[in-house]
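**Student:** Below is the sequence, then the predicted model.
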Amino acid sequence: MPMWYYEKKDLKSTPSILEGVDLETEQRYRREGCRFILALGVRLGLRSETMGTGAVFFHRFYMFHSFRQYPRYAMATCCLFLAGKVEETPKKIRDIMKTARQILEGARERYIPTLGDERGDLILQYERILLPTVKFDFCIASPYSFLKQYAKTIIGDKEQIRQMFQMAWTFANDSYCTTLCLQWEPEIIAIAVLYLACKLSKFEITDWTNKKENNKQKWWEQFVDGLTKDIIEDICHQHLDLYSKGDLASPGNGTVNNTSIMLTPTQTNSTVTSPIQPILIESPSTSRSIPSSKRPRNDDESNYRSSRNNHHHSSNVNSNNSGIPTNPSIPPIPSATLYHHTSSHDELSRRSLTAPPPPPPPPPPPPPPPPPLPPQSTAVPPHQNFYMRPPMPPPNMPPMPPSMFAQTLRGPIPSSNAWPPLPPM
């Protein structure tokens, strides 16, 4: 099974960065693509797991390809289309294309031509490139299942636990807009967002099920062995940096206005009328107990990474040995000018249509059927009776002499051969 976890240095040498896109722009493109996936999934009524799977496909794809070669909104649509089939919640390509165009209307209307035609032919062609890029690995776990499992083990005030769980679920939604899914496993992300929600809601987990007495074990150590507090706080730092970006809610740059649009655990697809509101954090340095300065990777994190069963690998993002085409031949993406020119040309063609020509003359009638053949005689020619056996005499009648029977058929027979030999039957 391929390994999909990278070091931080690998995230700074992606194909987009190697082609001249700076790191901030590349991170913004990732956020915009994932926000688009979440907005599209909410309008289509998809589950949180489906939208999370599409976001993971999106992040993995751009570890091998550049944003300059594949538009982010078209590829985000393709990732959600594939995620729907993987999570057994498929949607028709026509419905996805119609909803995607509606989301991009307004300030982001210039990106609509990158989606291709309304039938989704371009999205289907992108899917053929997406499948080998993700190496046909469809076993993708989400932090939601682990978050539910961990929250059930906490013992305390139910109302405080519920509020803390809702906040952690929102953080899990927004974690897909970062590259955390490319750095850590979903169970570690679930622990980190639960830890962050406890800090911001001022709820301390002091008791949980299966707690050992007279033991200084942390609550997360029962789920993941060797996970240190420094690793969790580093993940919280990366997550809180997402809210410090000033371009998350500006409609002019192609992002979704709502920063958290996935479903909460208490909502269903049939009752959601508007996405949940994000948790506003005025100052990450004052509203959390984690120090504001980022820590470099220390020995604890290195030891944990080396001790995990599935240790991370530093893969070459431009690997030509992975069987993925580095420069596949794809159809040209229609530009905005070509798109409008084609539409006006089609309208002109429709106006210049003339009346259809008269119908062709009817075909000639078919020839009359041939006359029926005369009835054939059932009489057997005399020459066919030469090898026939004589008829059996009726019962109670004397047999007919052979000489009499032969004379009636062939005339007199020489006395030397009164009855000709019969051929073998």
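**Tutor:** Structure received.
**Student:** all helices for the stretch 51-200 of the chain, in order.
**Tutor:** Under the criterion DSSP state H, counting those that start in this stretch, the stretch 51-200 of the chain contains helices at 72-86, 93-103, 121-133, 143-152, 158-175, 186-200.
**Student:** a markdown table for these, including mean neighbour count and distance to residue 368?
**Tutor:** Where C-beta positions appear, they are placed from N, C-alpha and C, glycine not excepted. Listed next are the helices of the stretch 51-200 of the chain as a markdown table, based on neighbours: other C-beta atoms under 10 Å; distance: least, C-beta to C-beta, whole Å:
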| stretch | mean neighbour count | distance to residue 368 |
| --- | --- | --- |
| helix 72-86 | 24 | 60 |
| helix 93-103 | 17 | 53 |
| helix 121-133 | 18 | 53 |
| helix 143-152 | 19 | 79 |
| helix 158-175 | 20 | 80 |
| helix 186-200 | 23 | 81 |
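**Student:** can you list those in a markdown table and add distance to residue 34?
**Tutor:** Supplementary listing: the helices of the stretch 51-200 of the chain in a markdown table, determined by distance: least, C-beta to C-beta, whole Å:
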| stretch | distance to residue 34 |
| --- | --- |
| helix 72-86 | 7 |
| helix 93-103 | 13 |
| helix 121-133 | 15 |
| helix 143-152 | 14 |
| helix 158-175 | 9 |
| helix 186-200 | 14 |
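**Student:** can you list those in TSV and add mean pLDDT and distance to residue 215?
**Tutor:** Shown next, in TSV, are these (pLDDT from 0 to 100; distance: least, C-beta to C-beta, whole Å):
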stretch	mean pLDDT	distance to residue 215
helix 72-86	95	41
helix 93-103	93	51
helix 121-133	93	46
helix 143-152	91	18
helix 158-175	91	22
helix 186-200	92	18
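**Student:** what's the closest of those helices to residue 23?
**Tutor:** helix 72-86 (15.8 Å; C-beta to C-beta).
**Student:** got the angle between that closest one and helix 121-133?
**Tutor:** Helix 72-86 runs at 70 degrees relative to helix 121-133, counting by axes from the mean of the first three to the mean of the last three C-alpha atoms, to 10 degrees.
**Student:** What helices and strands are in contact with helix 72-86?
**Tutor:** helix 23-44, helix 48-61, helix 93-103, helix 121-133 (3 or more C-beta pairs under 8 Å, 6 or more residues apart in numbering; DSSP states H and E).
**Student:** Looking at the helices of the stretch 51-200 of the chain, which is nearest to residue 209?
**Tutor:** With C-beta to C-beta as the criterion, residue 209 lies closest to helix 143-152 of those, at 8.1 Å.
**Student:** got a list of contacts for the closest one?
**Tutor:** Residues outside helix 143-152 that contact it (C-beta atoms under 8 Å, 6 or more residues apart in numbering): 48-49, 52, 161, 165, 168-169, 172, 175, 186-187, 189-191, 193-194, 220, 223, 265.
**Student:** can you state the direction angle for that helix and helix 186-200?
**Tutor:** Angle of helix 143-152 versus helix 186-200, following the same axes, to 10 degrees, is 50 degrees.
**Student:** Only C-alpha atoms, please: export stretch 158-166 in PDB.
**Tutor:** Below are the C-alpha coordinates for stretch 158-166, written out as PDB (Å, rounded to 0.1, in the frame of the first residue of the first chain):
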ATOM      1  CA  LYS A 158     -22.600  16.000  29.300                       C
ATOM      2  CA  GLU A 159     -23.400  19.500  28.200                       C
ATOM      3  CA  GLN A 160     -19.800  20.600  28.300                       C
ATOM      4  CA  ILE A 161     -18.700  17.500  26.500                       C
ATOM      5  CA  ARG A 162     -21.400  18.100  23.800                       C
ATOM      6  CA  GLN A 163     -20.200  21.700  23.300                       C
ATOM      7  CA  MET A 164     -16.600  20.600  23.200                       C
ATOM      8  CA  PHE A 165     -17.400  17.800  20.800                       C
ATOM      9  CA  GLN A 166     -19.200  20.300  18.400                       C
END
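**Student:** and the residue nearest to residue 93 when sequence neighbours are not counted, how many residues sit next to it?
**Tutor:** Distances taken as C-beta to C-beta, 6 or more residues apart in numbering put residue 120 closest to residue 93, at 3.8 Å, once the chain neighbours are dropped. Residue 120 has 23 neighbouring residues, counting by other C-beta atoms under 10 Å.
**Student:** ditto for residue 220
**Tutor:** Residue 220: 21 neighbours (other C-beta under 10 Å).
**Student:** Pull up the gap between residue 105 and residue 94, please.
**Tutor:** 17 Å (C-beta to C-beta, to the nearest Å).
**Student:** Check residue 186 too.
**Tutor:** For residue 186 relative to residue 94 (C-beta to C-beta), the value is 32 Å.
**Student:** again, but for residue 88
**Tutor:** With the distance defined as C-beta to C-beta, residue 88 ends up 20 Å from residue 94.
**Student:** for residue 80, same thing?
**Tutor:** 14 Å.
**Student:** repeat for residue 108
**Tutor:** Distance from residue 108 to residue 94, by C-beta to C-beta: 21 Å.
**Student:** got it, and residue 240?
**Tutor:** Separation of residue 240 from residue 94 (C-beta to C-beta): 40 Å.
**Student:** ok, now residue 225?
**Tutor:** Going from residue 225 to residue 94 by C-beta to C-beta gives 48 Å.
**Student:** Same check on residue 242?
**Tutor:** Distance, residue 242 to residue 94, by C-beta to C-beta: 33 Å.
**Student:** What segments of this structure are strands?
**Tutor:** With DSSP state E as the criterion, the chain has no strands.
**Student:** low-confidence ranges in it?
**Tutor:** 1, 214, 246-357, 376-425 (pLDDT under 70).
**Student:** Could you report the neighbour count for residue 222?
**Tutor:** Burial of residue 222 is recorded as 15 neighbouring residues (other C-beta under 10 Å).
**Student:** Who's the closest spatial neighbour of it, skipping the chain neighbours?
**Tutor:** Per C-beta to C-beta, 6+ apart, closest to residue 222 is residue 210, 6.3 Å.
**Student:** pretty sure the one you found is touching residue 221, no?
**Tutor:** No: between residue 210 and residue 221 there is no contact under C-beta atoms under 8 Å: 11.3 Å.
**Student:** and residue 180, what is it in contact with?
**Tutor:** Neighbouring residues of residue 180 by C-beta under 8 Å, 6+ apart: 189, 192, 235, 238-239.
**Student:** Save these as CSV, and put in distance to residue 44 too.
**Tutor:** Listed next are the contacts of residue 180 as CSV, based on distance: C-beta to C-beta, whole Å:
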residue, distance to residue 44
189, 25
192, 29
235, 30
238, 29
239, 26
